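Trainee: pasting a predicted model and its sequence here:
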Amino acid sequence: MSEAVNQHTEVSYLEYKGRFKGLFAWIFSTDHKRIGLLYLYSMLVLFSVAALLGLAMKIELIAPGKTIMDAQTYNSFFTLHGITMIFLIVVPGLPAVFGNFFLPIMIGAKDVAFPKLNLLSWWIYIIGAFIALSAQFIGDGPPDTGWTFYAPYSFRTGTNMLPAVTGAFVLGFSSIATGINFIVTIHRMRAPGMTWMKMPLFPWALYGTSWIQVLATPIVGVTLLMIVLERTMQIGFFDPALGGDPILYQHLFWIYSHPAVYIMILPAMGVISEIIPTFARKTIFGYKAIVVSTLAIAFVGYFVWGHHMFTSGMSGTALYTFSILTFFVAIPSAIKIFNWVATLHKASIDIQTPFLWALCFLFVFMVGGLSGMVLGALSTNVHLHDTAFVVAHFHFIVFGGTGYAFFGAIHYWYPKMFGKMYDKSWANIGLAIFFTGFNILYLPMFYLGMTGMPRRYYDYVDEFHGPNIVSSLGALLMISGLIIIITNLVRSAKHGEPAVADPWKGKTLEWTVASPPSLENFEEIPTVTKHPYGYE
Amino acid sequence: MEKDQHTHIVKYKTYVYVLIALLFMTFVSVAVTEIDLGPYTVTMALLLASIKSVLVLLIFMHLKFDKKFYGIMVASVFLLLACVIVITFMDYLYR
């Protein structure tokens, strides 16, 4: 099949000459593939900055007391690190980059339903990013509230809160527009024969994610707007001094921000569901169960936000309700893990870099998930709340989950996106160093949290010194791995070997088109007759 | 669906009735704030707002004349929002 496709005569989307030239041919392109890459490049820059902020914080924590920065700078660093990583990278990450690039191709369409809206989403994203990041450089100093902007401190701090909050508000519109676009695309533009139960699992994951984006994001938008109104017009929503309720802020914030965790993780699960059957050379085990689990996670994920607030002073009834609901959400997540592992059983596994990323994902996601159960239980949560344990859990889930899936996705789809192969040896070396560093960085934080080290402190007592040294060295190792991985990918885009259409022997539609694809993806819209993972 | 949309013309009279109903409920929303209903103040405000939204969706946005599928999808979203609000207020009512 790949040989036939390589006879493809149309020029690729990378070489296509449109109305504009140079940079304008990218930033005004409505081609879903170019928009996907615009997001990728934007995120690469932002991720590098945010990762370096994280490294600086770990260096600060290498010894008690002031090491390289004072407390106020540390507070600003973790705020900027959080805002950038969450609102600018992890939430939009997989849908904006790989969803944009691959959703239309995987369902046999020429583009998304609303290409101009798609470009507008990227522009709104960039404008939102500039507004949010401008908070660092103008006004009364960088925000120091953490990415959660908790009331009442966020109304009283003298730092430059409004641009950060406004930026997050603007970014929400980008997220909603992308969500609407994907929902309509999936409903209306699937190729003939692609019934819902013949749709690959990555588009399914994007479908679930898009609903969360559309339904949950407006809530945080309104909440952030309420902060602006409270700060500028003294309307008492959340500040007790004005007659407001700070716990209401936490409710509203987490009503969005917990489903946002599923905006982050569902597409990651979709990526893993693509990688595993391809390299296992086997139909995915329990396709329907994974689909139902995806929708169940998207649905139940709406009702568990209160587990972020167990020590906030909520009523006992609410505490029990949220704790029980939290345990429910673990069920569909576990179903997916079992299905992925069952797919590997008696499979003819081809061990390649994307598959290794998927395996590492399974490990770190399990650690993150199981530590989440510890935090979901009321009694243990009270002990561990706001400690380094939470930071470790969160990074195992979000960085370990979404981050590993992101790197897995880029190593999986890189030949298709750029038409080049990366150096597999360097990719594997980079992964090994990154994975080792990641675990050395975050595992000690579980111990630190259990022994009482609070999160968001730039200083600590001497008893915590040893594990902090290990953790900081892990950060250095992890960043070294990242540098190798990113350098290899960037270098290969120019110097890599040309890729064939189907380098991994995949079965989904993206592997039937040329590498890189033509402007309209397909010369003829395909008719789908088979299951997406028909290996047997 | 498109055919259904084109064949359905709602009378102006109906729009005017709906407009009057919406304006009336807006006045009621403001008026009830003068009465102390305790924890039910928010319930009343949400109830009136929900009725107004339903009227707009059904008549102005033609959901009433569309395929049932769209009605079910919109109703599901409302149900989800209702669940979120009820769970939030479980905290306030039992605190």
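Mentor: Good, I have the coordinates.
Trainee: which residues are in contact with A:Thr159?
Mentor: Counting by CB atoms under 8 Å, 6 or more residues apart in numbering or on different chains, A:Thr159 makes contact with A:Ser76, A:Gly139, A:Asp140, A:Gly141, A:Pro142, A:Pro143, A:Asp144, A:Thr145. Backbone N, C-alpha and C define where each C-beta goes, glycine included.
Trainee: what helix or strand does A:Gly534 sit in?
Mentor: Using DSSP states H and E, A:Gly534 maps to neither a helix nor a strand.
Trainee: how about the secondary structure of the residue nearest to it when sequence neighbours are not counted?
Mentor: Take A:Gly534 and drop its neighbours on the chain: the residue closest to it by CB to CB, 6 or more residues apart in numbering or on different chains is A:Lys507, 5.8 Å away. Following DSSP: H, G, I helix; E, B strand; the rest coil, the label given to A:Lys507 is coil.
Trainee: my read is that A:Lys507 contacts A:Thr278, right?
Mentor: Yes - contact status for A:Lys507 versus A:Thr278: in contact at 7.4 Å, counting by CB atoms under 8 Å.
Trainee: helix or strand next in line after the host helix or strand of A:Met478, which one?
Mentor: Taking DSSP H and E as the criterion, A:Met478 maps to helix A:465-495. The helix or strand immediately downstream of helix A:465-495 is strand A:497-498, counting by DSSP H and E.
Trainee: what residues does that following strand touch?
Mentor: A:Gly419, A:Lys420, A:Met421.
Trainee: partners of it in the sheet?
Mentor: As defined by DSSP bridges, the strand partners of strand A:497-498 come to strand A:420-421 (antiparallel).
Trainee: need the mean per-residue confidence for the strand it pairs with.
Mentor: Per-residue pLDDT values over strand A:420-421 give a mean of 96.
Trainee: what sits up against that strand?
Mentor: Contacts for strand A:420-421 (CB under 8 Å, 6+ apart): A:Tyr414, A:Pro415, A:Ser492, A:Ala493, A:Lys494, A:His495, A:Gly496, A:Glu497, A:Pro498, A:Ala499, A:Pro503.
Trainee: who in the stretch 251-400 of chain A is up against chain B?
Mentor: The stretch 251-400 of chain A comes close to chain B at residues A:251, A:255, A:299, A:302-303, A:306, A:313-318, A:321-322, as judged by CB under 8 Å from any CB of the partner chain.
Trainee: at 6 Å what do you get?
Mentor: Within the stretch 251-400 of chain A, the positions near chain B by CB under 6 Å from any CB of the partner chain are A:His251, A:Ile255, A:Met314, A:Ser315, A:Thr317, A:Ala318.
Trainee: isn't the first one right up against B:Thr88?
Mentor: Yes - because the distance of 5.1 Å satisfies CB atoms under 6 Å, A:His251 is recorded as touching B:Thr88.
Trainee: more neighbours: these two, which one.
Mentor: Neighbours were counted for A:His251 and for B:Thr88 using other CB atoms under 10 Å in any protein chain shown; A:His251 has more, 24 against 19.
Trainee: which ones are touching the more buried one?
Mentor: Listed by CB atoms under 6 Å, 6 or more residues apart in numbering or on different chains, the contact set of A:His251 reads B:Thr88.
Trainee: for A:Pro192, same thing?
Mentor: Counted by CB under 6 Å, 6+ apart, A:Pro192 has contacts A:Thr527.
Trainee: separation between it and A:Glu510?
Mentor: Distance from A:Pro192 to A:Glu510, counting by CB to CB, to the nearest Å: 18 Å.
Trainee: again with A:Ser312
Mentor: 45 Å.
Trainee: looking at the two, which one has more neighbours?
Mentor: A:Glu510 (24 against 18).
Trainee: do I have it right that the more buried one meets A:Leu103?
Mentor: No - counting by CB under 6 Å, A:Glu510 stays clear of A:Leu103, with 9.9 Å between them.
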